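**Q** Quick one, structure for this:
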Amino acid sequence: MAKIDTPLIPIKTQLAVYGCGMFANSMSVISGIIIPLWVSTFEKSAILLGVVFSARHVLPLILSIHGGALMDRLGTRRVMLIFAVINAAVPLIFPTMPLIWAAIFLQMLAGLATSMGWMGAQTLIGQVMKGSAVYAGRLSFSLRLGHLIGPPMIGVAWDLGGSWVAFTVMSIWASFGFFSAMALPSPDAKSHQVENVTFSGLLPRMADYVTAFRMLAISAVLFVVIATMLRNAGNVVQTGFYVVYLDNVVGLSGTLIGILTSVAAVVGGIGSLSVGQLLRFCSAHWLLLATVAGSVIFVCATPLLGAFTFLVIASAMRGASLGVSQPLMISILAKASGSKVQGTSVGLRNTANRLAGVIVPFIMGVLIQLFGLANGFYAIGMIVLAMLIATGIWLRKQPEITNARN
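**A** Below you'll find the predicted structure:
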């Protein structure tokens with residue numbers, strides 16, 4: 001039985017990190033409910049809906065590595081505060097512009113702001129908490145708390161007050177992320193020296209991208225990047241066409257859709273807190289691969305589940321898979337990366353995350369347009385599972401990963 005080392009971190013710092021992660025990350029889930037409901041009121045094309053869902057991932061795809069490098073150079077707290085303000089402001093613009101081009105642009109901006117807040121919380125796990133799987137599990141648990149409260153909250157707001165009320169509630173929720181970032185230790189220089197803010201320092205640097213992509217030569221980093229892309233394929237399905245299917249085909253209200261997401265959050269929270277114990281008995285890497293597979297299967301099987309009861313069970317099983325896999329990815333990556341490039345490594349993982357976010361909705365939109373809504377779910381599921389099998393075959397040939405300590 002392996003021993004798990006857990007560094008001692010002040011509770012105030014822990015709560016600030018968990019709050020930043022919860023309020024930033026849950027914005028993606030809240031957006032995954034309200035944006036499909038809102039856009040479907042003025043746009044019916046599956047392909048254009050796919051473009052709107054993909055748009056949220058475009059700027060993070062391009063700028064995640066740059067954002068992570070900025071956190072390494074300028075301090076994580078500084079960067080998080082800026083994007084926390086944007087995260088709270090953008091939702092108020094959506095209902096003023098019910099146009100497809102505006103939805104695409106605002107999704108891009110909102111996606112970047114949310115992404116930077118979530119990246120910052122992950123970076124702090126490496127910078128402050130030394131990549132501890134226990135603290136990563138607690139961070140993931142805090143996310144499930146946000147997923148528990150946020151979706152029903154936004155679903156009820158939509159059902160009772162429509163778009164204006166729902167987007168206002170979304171903005172208020174995001175503002176708590178700003179206060180969490182304010183509570184972080186200041187400055188970050190306790191762990192490493194940060195640079196002064198200059199205009200040239202804010203611009204993207206090719207060297208940062210080169211450093212990030214060179215990290216793919218580390219087998220553990222490459223494994224996490226691949227797992228991230230495949231896991232996020234399921235997330236993209238859930239925050240896009242999953243809601244469209246439940247709304248248009250099953251006929252569920254926004255409140256019931258939010259409850260399904262909350263069920264996943266409750267079970268996922270239990271899974272997140274259990275990671276430290278699970279790692280005493282099995283390899284982090286194989287556990288990650290298995291739970292990624294589960295998270296994809298239980299969302300892509302949605303058209304097979306007619307009754308609400310079966311949808312709840314599948315949502316719970318998916319939540320458990322997500323709850324275990326998330327802290328594993330954060331911990332494995334943090335331990336495989338150097339202390340001075342924690343933000344850059346998180347940016348690399350987020351780039352992979354967003355690449356799946358850009359590609360999957362568009363591909364699924366085309367598949368649905370050609371073969372129907374249900375077949376789009378099945379096709380994405382089979383593609384991802386085939387890639388997971390290939391990853392497992394590769395993993396067996398990497399003893400330096402599988403034999404490493406958790």
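
**Q** Can you name the secondary structure element that comes next after the lowest-mean-pLDDT helix or strand in the chain?
**A** The weakest-scoring helix or strand in the chain, judged by mean pLDDT, DSSP states H and E, is helix 199-202 (a mean of 61). Using DSSP states H and E, the helix or strand that follows helix 199-202 in sequence is helix 206-214.

**Q** Buried residues, stretch 246-257. List them.
**A** Neighbour-count burial for stretch 246-257 flags 246-247, 250, 252, 254-257 (criterion: 16 or more other CB atoms under 10 Å). (Glycine included, C-beta is placed from N, CA and C.)

**Q** Tell me how far it lies from the chain's centre.
**A** 23 Å (CA atoms, centre = their mean, to the nearest Å).

**Q** Quick one: end-to-end distance for that stretch.
**A** End-to-end distance for stretch 246-257, by CA to CA, to the nearest Å: 7 Å.

**Q** can you list contacts of that stretch?
**A** With CB atoms under 8 Å, 6 or more residues apart in numbering as the test, stretch 246-257 has contacts from 33, 36-37, 40, 151-152, 154-156, 158-159, 243, 260, 302-303, 306, 308, 311, 373.

**Q** quick check, distance from stretch 136-153 to the centre of its chain.
**A** The answer for stretch 136-153 is 12 Å, by CA atoms, centre = their mean.

**Q** Give me the average confidence score over that stretch.
**A** Per-region confidence: stretch 136-153 scores 83 on mean pLDDT.

**Q** May I have it exported as CSV, CA atoms only?
**A** This file holds the C-alpha atoms of stretch 136-153, laid out as CSV (Å, rounded to 0.1, in the frame of the first residue of the first chain):
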residue,chain,number,x,y,z
ALA,A,136,-6.2,18.4,-6.2
GLY,A,137,-9.0,16.1,-5.0
ARG,A,138,-10.4,18.8,-2.7
LEU,A,139,-10.2,21.3,-5.5
SER,A,140,-12.1,18.9,-7.7
PHE,A,141,-14.6,18.4,-4.9
SER,A,142,-15.2,22.2,-4.7
LEU,A,143,-15.9,22.1,-8.4
ARG,A,144,-18.6,19.5,-7.9
LEU,A,145,-20.1,21.8,-5.2
GLY,A,146,-20.3,24.5,-7.9
HIS,A,147,-21.8,22.1,-10.3
LEU,A,148,-24.3,21.1,-7.7
ILE,A,149,-25.5,24.6,-7.0
GLY,A,150,-25.0,26.3,-10.3
PRO,A,151,-27.0,24.3,-12.9
PRO,A,152,-30.3,24.1,-10.9
MET,A,153,-29.9,27.8,-10.0
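
**Q** where exactly do the strands run in this structure?
**A** Taking DSSP state E, the chain contains no strands at all.

**Q** Point out where it drops to low pLDDT.
**A** Counting by pLDDT under 70, the chain shows low-confidence ranges at 1-7, 186-202, 338-341, 400-406.

**Q** Identify the single longest helix in it, thanks.
**A** helix 133-182 (DSSP state H).

**Q** Against which helices or strands is it packed?
**A** helix 11-39, helix 76-89, helix 100-127, helix 254-273, helix 275-278, helix 308-336 (3 or more CB pairs under 8 Å, 6 or more residues apart in numbering; DSSP states H and E).

**Q** I'd like the distance from the first one to the chain centre, please.
**A** So that's helix 11-39. Counting by CA atoms, centre = their mean, helix 11-39 is centred 9 Å from the centre of its parent chain.
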